[in-house]
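S.K.: only geometry, no sequence info:
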């Protein structure tokens with residue numbers, strides 16, 4: 001939640017990294033007593049929203065879809081959303097590398113990316129896929145052209161270098 005705390009404290013999107021960890025924790029400390037629960041599983045934010053135990057939360061993309069389908073007054077807000085990347089990898093020495101490359105090739109085809117996005121709202125990583133998705137579905141995706149303009153990409157290299165120290169500090173702060 002550090003990036004969101006910094007945004008709330010006035011840091012512009014393009015100045016988030018490297019994260020000012022002290023400033024982020026100071027920002028979070030101002031609202032700490034109002035936080036119902038620090039979530040520790042991907043499902044918990046939607047559960048809390050569904051039970052009406054919270055009125056807002058950060059959550060992973062796609063986690064509120066069932067609530068929306070059930071008619072709950074819940075919606076995604078992509079403004080200043082953090083996007084996380086993921087990718088394919090083939091372990092060195094793995095067997096069946098030809099099949100692995102075929103799977104990667106298949107999964108990155110625009111029509112496959114678009115079909116997957118219609119089933120589960122993870123944004124396609126292939127820009128050509130967005131042309132194959134209806135506007136109503138596209139509006140719910142973090143990688144729609146409109147939503148890409150309002151969010152930011154997590155700096156994976158920064159997190160890789162700092163995750164252990166930040167996690168330790170988070171645990172001490174959250175348990176205090």
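M.R.: It's in. The structure displayed is predicted, hence computed values, not measured ones.

S.K.: so the residue lying closest to residue 44 once chain neighbours are set aside versus residue 57, what's the distance?
M.R.: Of all residues not flanking residue 44 in the chain, residue 37 sits nearest, at 7.1 Å (Cβ to Cβ, 6 or more residues apart in numbering). Bear in mind the C-beta positions are built from the backbone N, C-alpha and C, glycine included. Separation of residue 37 from residue 57 (Cβ to Cβ, to the nearest Å): 9 Å.

S.K.: find residues that contact each of these two.
M.R.: residue 48 (Cβ atoms under 8 Å, 6 or more residues apart in numbering).

S.K.: who's more crowded, those two?
M.R.: residue 57 (18 against 12; other Cβ atoms under 10 Å).

S.K.: how close does the more buried one sit to residue 171?
M.R.: 20 Å.

S.K.: swap in residue 151?
M.R.: Counting by Cβ to Cβ, the gap from residue 151 to residue 171 is 27 Å.

S.K.: who has more neighbours out of the two?
M.R.: Neighbour comparison, residue 151 and residue 171: the larger count goes to residue 151, with 16 against 10 (by other Cβ under 10 Å).

S.K.: so that one sits right up against residue 84, yeah?
M.R.: No: Residue 151 lies out of contact with residue 84 (Cβ atoms under 8 Å); the separation is 10.7 Å.

S.K.: how's this structure carved up into domains?
M.R.: With the TED database as the criterion, the domains of the chain are listed as 1-81+151-175, 98-149.

S.K.: in JSON lines: the ones you listed, plus mean pLDDT and distance to residue 88.
M.R.: What follows is the domains of the chain, written out as JSON lines (pLDDT from 0 to 100; distance: least, Cβ to Cβ, whole Å):
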{"stretch": "domain 1-81+151-175", "mean pLDDT": "92", "distance to residue 88": "15"}
{"stretch": "domain 98-149", "mean pLDDT": "92", "distance to residue 88": "5"}
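
S.K.: quick one: which of the ones you listed is nearest residue 89?
M.R.: domain 98-149 (9.1 Å; Cβ to Cβ).

S.K.: what residues of the longest helix along the chain count as buried?
M.R.: Longest among the helix segments of the chain by residue count, using DSSP state H, is helix 156-175. Of all the residues in helix 156-175, those buried under the rule 16 or more other Cβ atoms under 10 Å are 162, 166, 169-170.

S.K.: can you pull the contacts of residue 83?
M.R.: With Cβ under 8 Å, 6+ apart, residue 83 has these contacts: 123, 142-143, 151-154.
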